[in-house]
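S.K.: no sequence for this one, just the structure:
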């Protein structure tokens, strides 16, 4: 893993606070598992409500976790009074999301002045065995001096 | 819109059947709005459970609709006894998902022997006005002679 | 085509000047064919030096034109004293680059304060017939108050 | 690095033969540096003909090397009588291509029956120091029983 210096020593509570304000995360049942400077892992137990037509995790669920793991990895490295926006991401689905849970890991590749770039992997976990399910690359836009809560006006 | 010829005259009931077997679609509240050869539109009314930290539609919801609109657009053009897999997609989020509903439209750009390529757009709808929210490009793998239901074995 | 307003009435000479400073364009033999607010077309006649192992245009050549058509489409809409950087792009190759020439068209989807998003298509031209060869989506970063010539310091 | 088993023990001469048939590679001045099962490195010395308007390596050159390093990494793992096509790739440019040479490394993430997925990085090399310049994800389609030379008919 790459070594990153943080601008906000209290990054963990800031990131967890933002994650908890995302109602969609609790609707899915997703939780942050690991949080370090430049890294975020999110896990999500299987439920039938999250499935596609073959009974596996829906690709949209896989993509959601991939996006969020990257976004919160990047968010660990912003200033304290900042928000962050996903500009774009690209996801390759390499195996069906088949298992008791998903684990998504996002890591910062470059944390720039204007943009951040992250890479991530999503694994399906079955009987304790992790299978690579998807890979993602994501570009993010940190918004300094922006409240990360309801009422964000458009900044881009 | 491009002109596509169908291999399966009964494509509409086949596509709608697959969509209805995706439990995640009804968990989100998404419905197919339009279905033509090479085109699929999906709509989703806003609910607070689908939101991110600013109260807008979560990017994962936007991505899920974009993916599915493309996948089902491609699925309109397969043979009758086929399934279809998303290989990869790339999503640019160009505005927040702010509105009473989302509308995702996927269209087939190329329907090949081995692979299909689709383009899509997601709009947020507010007071009857559509705002472009995301654009997507997606690659799909049709699986001939494959049951589109529970129990798919890995084919790729 | 979308309707775009320009910030710099003299955009055409600015864009053409930048294109001419790209030595790689003349090394390939590429020329700007059309330039309008938010749109750029580049054409490139076939030469054996530009080919891959089957004798067609190399995918890297296709990608280069796709990237540049998008970049210069976005560059038509910046302020006069600006440069522009490609943040990322995604290219789907849907047919071999087989023909007497390539034509790449890039169009601005969104020209934002911080970022621009473009879509493009590359066609191979054979006996006057255009065949879709590739589609691209690209994100760009305008750099205001930045000289578009040798000596750019890193801004991102 | 991941561990891959080869289907063709003579993969190295097959890959190098294909590379040498790509006229565009010698036109650029690119050479294969390293070749292992599932991995390919390509290097390219700087020349002014390869530059963009700031005098750095053109993004199209960076993209071309990224694409080819991934494609030939995947090609190391095909059967002996096969060709391979790039389906799509996505490139993030994270720093200007500034230096005496570029080094592109492609690695296979998944080598499937139907499709292969690779990840790659491009570095600029300046005074012996490598700087990350771009990251790429690429999807490839192996074509069994297909001659990798002039005259390929369309297979997709």
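M.R.: Received, thanks. The structure presented is a predicted model; accordingly, all values stated were derived computationally and were not measured.
S.K.: could you point out the longest strand in chain A?
M.R.: Across chain A, the strand with the greatest residue count (assigned by DSSP state E) is strand A:129-144.
S.K.: okay, the angle between the helix ranked longest in chain A and helix B:59-75?
M.R.: If you go by DSSP state H, chain A has its longest helix at helix A:59-75. Interaxial angle of helix A:59-75 relative to helix B:59-75 (axes from the mean of the first three to the mean of the last three CA atoms, to 10 degrees): 140 degrees.
S.K.: any part of helix A:59-75 near chain C?
M.R.: No. Using CB under 8 Å from any CB of the partner chain, helix A:59-75 never reaches chain C; the gap is at least 13.5 Å. From N, CA and C alone the C-beta is placed, and that goes for glycine too.
S.K.: check which helices and strands that helix sits against.
M.R.: With contacts defined as 3 or more CB pairs under 8 Å, 6 or more residues apart in numbering or on different chains; DSSP states H and E, the packing partners of helix A:59-75 are helix A:11-21, helix A:23-28, strand A:39-45, strand A:82-93, strand A:101-111, strand A:116-126, strand A:129-144, helix B:59-75.
S.K.: mind running it again at 6 Å?
M.R.: Packing partners of helix A:59-75 (3 or more CB pairs under 6 Å, 6 or more residues apart in numbering or on different chains; DSSP states H and E): strand A:39-45, strand A:82-93, strand A:101-111, strand A:116-126, strand A:129-144, helix B:59-75.
S.K.: can you name the residues in contact with that helix?
M.R.: Outside helix A:59-75, the residues that touch it by CB atoms under 6 Å, 6 or more residues apart in numbering or on different chains are A:15, A:38-40, A:42, A:50, A:84, A:86, A:89, A:91, A:93, A:97, A:102, A:104-108, A:116, A:118, A:120, A:122, A:134, A:136, A:138, A:140, B:59-60, B:63-64, B:67, B:86.
S.K.: now do stretch A:121-134
M.R.: Here stretch A:121-134 makes contact (CB under 6 Å, 6+ apart) with A:62, A:65-66, A:91, A:93-95, A:97-105, A:135.
S.K.: now do the most centrally placed residue in chain A against residue B:67, distance only.
M.R.: Chain A has residue A:69 as the residue nearest its centroid, 1.6 Å off, counting by CA atoms, centre = their mean. Residue A:69 sits at a distance of 17 Å from residue B:67 (criterion: CB to CB, to the nearest Å).
S.K.: cool, and residue A:65?
M.R.: Residue A:65 sits at a distance of 14 Å from residue B:67 (criterion: CB to CB).
S.K.: now do the longest helix of chain A and strand A:39-45, the angle between them.
M.R.: 150 degrees.
S.K.: chain center to helix A:59-75, what's the gap?
M.R.: Between the centre of helix A:59-75 and the centre of its chain there are 3 Å (CA atoms, centre = their mean, to the nearest Å).
S.K.: now the contacts of stretch A:121-134: which count as buried?
M.R.: Neighbour-count burial (16 or more other CB atoms under 10 Å in any protein chain shown) is assigned, among these, to A:62, A:65-66, A:91, A:93-95, A:97-99, A:101-105, A:135.
S.K.: closest to chain D among these?
M.R.: Among these, residue A:94 lies closest to chain D (CB to the nearest CB), at 4.5 Å.
S.K.: which residue packs closest to the closest one, ignoring adjacent ones?
M.R.: The shortest distance from residue A:94 to any non-neighbouring residue, by CB to CB, 6 or more residues apart in numbering or on different chains, is to residue D:110 (4.5 Å).
S.K.: correct me if wrong: that neighbour contacts residue D:117.
M.R.: Yes. Assessed by CB atoms under 6 Å, residue D:110 is found in contact with residue D:117 at 4.6 Å.
S.K.: close to chain D: what parts of chain A are there?
M.R.: Counting by CB under 6 Å from any CB of the partner chain, the residues of chain A lying close to chain D are A:90, A:92, A:94, A:110, A:117, A:137.
S.K.: in CSV: those residues, plus pLDDT.
M.R.: CSV is the format used below for these (pLDDT from 0 to 100):
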residue, pLDDT
A:90, 98
A:92, 98
A:94, 97
A:110, 96
A:117, 98
A:137, 98
